[in-house]
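*Asks:* Predicted model and sequence follow; I will ask about them next.
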Amino acid sequence: MAKHTPLYDEHVKLGGRMVDFADWEMPVQYTGVIDEHKAVRSAAGLFDVSHMGQIEICGKDAEAYVQYLTTNDAKKIIDGKAQYSILCNERGTVVDDVIVYRFTNERYILVVNASNVEKDFNWIKEHERGEIEINDISDSYALIAFQGPKSISILQEFTDIDLDSIETYNFREGMLADKANCIIAKTGYTGEEGVEIFSQPADAPAIWQTLLERGMPQGVRPAGLGARDTLRLEMKYSLYGHEIDDETTPLEAGLSWVVKLDTTDDFIGKQALIEFKEKGATRKLVGFKMIDKGIPRQGYPIITNDKANGIVTSGTMSPSLGEAIGIGFVPKDNGKIGMEFSIDIRGRSRKAEVVKTPFYKLK
């Protein structure tokens, strides 16, 4: 039986089309993916992301353990700061991508993908070391993403936190819509200015209603999983199960910027990644746009030199650009900007061109 977030009743009232996603009943759209997508780019969109998981790591050795667990340099995070990072296995491939929030050097929260909560928790527990405590606290929070150029000015009316003082990938705790103990983080998955709001589950409906009531006259819309996907795709943000998985290293997926091989500290998978880098990747993750008609979808073969030796990981008709775009792995020698290849779309060969990303340039 599918699980419900604390905002389930709000989605039903708004006419959200509910689908099963990672064992959660979630809205894929309300008024339509294109409408919701454009609302985020022009005003703001309100997303329920309470299906995401939160794993807490506490204790005297929490900082050292997070440094060992993740590929980025966790020692660079200070209190009130977040960091995008990767959990790798010993083979150097991806267990999950996460955002690490540091409250103190003895308390961290990792936000993980909804489909990976149990797997990630078990992985983290299996590799436990030092004086730490690990807890799955996913039921302790509701999580709302409020994203778009008008999100900050609207939100500021309802919180005692000075939002302009929060830099990107930083967070603060305070009141929001008369609800205490909220965490407002300048993080997101759309490329737009915005926040992610952690609240007590019982407080989430009131926060959702307040922001929607105030924002709708300014063009704010509730947004579902469909728009969330097209927005992240326009920015070439990776999605677990598409661009990254346990058969893919972060280095070949274009995420070397969050893999700190030059630190003296060890982390899980470091040696494998050093060896992978020395050998060199044989494939490259690229962004492309279609030259011929057709929409690329995950799993479609990419053809270079008259053979299928690549694969589409994500694709859509971009609502912002009005062009069919995609992301995929191609042989390294075929990954330069301007190069062309073909995609097998339902048995028909369709031309595409490697382009510079992100596809959408923020205004």
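*Replies:* Received it, and whenever you're ready, just let me know what you need. Residues are numbered from 1 along each chain as shown.
*Asks:* burial measure for Gln54, as a count.
*Replies:* Counted with other CB atoms under 10 Å, the neighbours of Gln54 add up to 20. To be clear about C-beta, it is placed using only N, CA and C from the backbone, and glycine gets the same treatment.
*Asks:* need the next SSE after the helix or strand hosting Gln271, C-terminal direction.
*Replies:* Here Gln271 sits within helix 270-279, counting by DSSP states H and E. Downstream of helix 270-279, the next assigned helix or strand under DSSP H and E is strand 283-290.
*Asks:* can you list the domain ranges for this protein.
*Replies:* 8-49+141-234, 53-139, 282-363 (automatic domain parsing).
*Asks:* So for the second one, mean pLDDT?
*Replies:* Averaging pLDDT along domain 53-139 yields 98.
*Asks:* tell me how far the ends of that domain are from each other?
*Replies:* Start and end residues of domain 53-139 are separated by 8 Å (CA to CA, to the nearest Å).
*Asks:* Give the partner strands of the helix or strand that contains Ile134 in its sheet and their orientations.
*Replies:* Element membership of Ile134 [criterion: DSSP H and E] is strand 133-136. Using DSSP bridges, the strands paired with strand 133-136 are strand 53-58 (antiparallel).
*Asks:* So Glu90 sits against Ala272, correct?
*Replies:* Yes. Counting by CB atoms under 8 Å, Ala272 is a contact partner of Glu90 at 6.4 Å.
*Asks:* more neighbours, those two?
*Replies:* Higher neighbour count among Glu90 and Ala272: Ala272, with 16 against 11, using other CB under 10 Å.
*Asks:* The more buried one contacts Gly92, doesn't it?
*Replies:* Yes. Counting by CB under 8 Å, Ala272 does reach Gly92; the two are 3.3 Å apart.
*Asks:* Mutual contacts of these two, please.
*Replies:* Common neighbours of Ala272 and Gly92, using CB atoms under 8 Å, 6 or more residues apart in numbering, are Thr249.
*Asks:* all helices for the stretch 151-300 of the chain, in order.
*Replies:* Secondary structure of the stretch 151-300 of the chain by DSSP state H, counting those that start in this stretch: the helices cover 151-156, 204-215, 225-234, 270-279.
*Asks:* Dump the ones you listed into a markdown table; add distance to Met18 and mean pLDDT as well.
*Replies:* As requested, these are exported to a markdown table (distance: least, CB to CB, whole Å; pLDDT from 0 to 100):
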| stretch | distance to Met18 | mean pLDDT |
| --- | --- | --- |
| helix 151-156 | 25 | 98 |
| helix 204-215 | 16 | 98 |
| helix 225-234 | 10 | 98 |
| helix 270-279 | 40 | 98 |
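*Asks:* Need the ones you listed in a markdown table (columns: distance to Tyr141).
*Replies:* Formatted as a markdown table, those follow (distance: least, CB to CB, whole Å):
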| stretch | distance to Tyr141 |
| --- | --- |
| helix 151-156 | 18 |
| helix 204-215 | 9 |
| helix 225-234 | 18 |
| helix 270-279 | 31 |
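*Asks:* would you put the C-alpha positions of the helix or strand that the strand holding Ile134 is followed by in CSV?
*Replies:* Using DSSP H and E, the helix or strand that follows strand 133-136 in sequence is strand 142-147. Only the C-alpha atoms of strand 142-147 are listed here, as CSV (Å, rounded to 0.1, in the frame of the first residue of the first chain):
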residue,chain,number,x,y,z
ALA,A,142,7.8,17.3,6.1
LEU,A,143,9.8,18.9,3.3
ILE,A,144,8.4,21.6,1.0
ALA,A,145,10.4,23.1,-1.9
PHE,A,146,9.4,26.6,-2.9
GLN,A,147,11.3,27.5,-6.1
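*Asks:* Provide the strand pairings for strand 142-147, with the direction of each partner.
*Replies:* Here strand 142-147 has these sheet partners by DSSP bridges: strand 45-48 (antiparallel), strand 194-199 (antiparallel).
*Asks:* Grab the most central residue of the protein for me.
*Replies:* Tyr189 (5.0 Å; CA atoms, centre = their mean).
*Asks:* Number of residues surrounding the residue lying closest to Ser349 once chain neighbours are set aside?
*Replies:* Closest residue to Ser349 apart from its sequence neighbours, by CB to CB, 6 or more residues apart in numbering: Ser342 at 4.5 Å. Counted with other CB under 10 Å, residues neighbouring Ser342 total 19.
*Asks:* tilt between whichever helix or strand Ser342 is part of and strand 283-290?
*Replies:* Taking DSSP H and E as the criterion, Ser342 maps to strand 340-345. With axes from the mean of the first three to the mean of the last three CA atoms, to 10 degrees as the basis, strand 340-345 and strand 283-290 are set at 80 degrees to each other.
*Asks:* Thanks a lot, catch you later.
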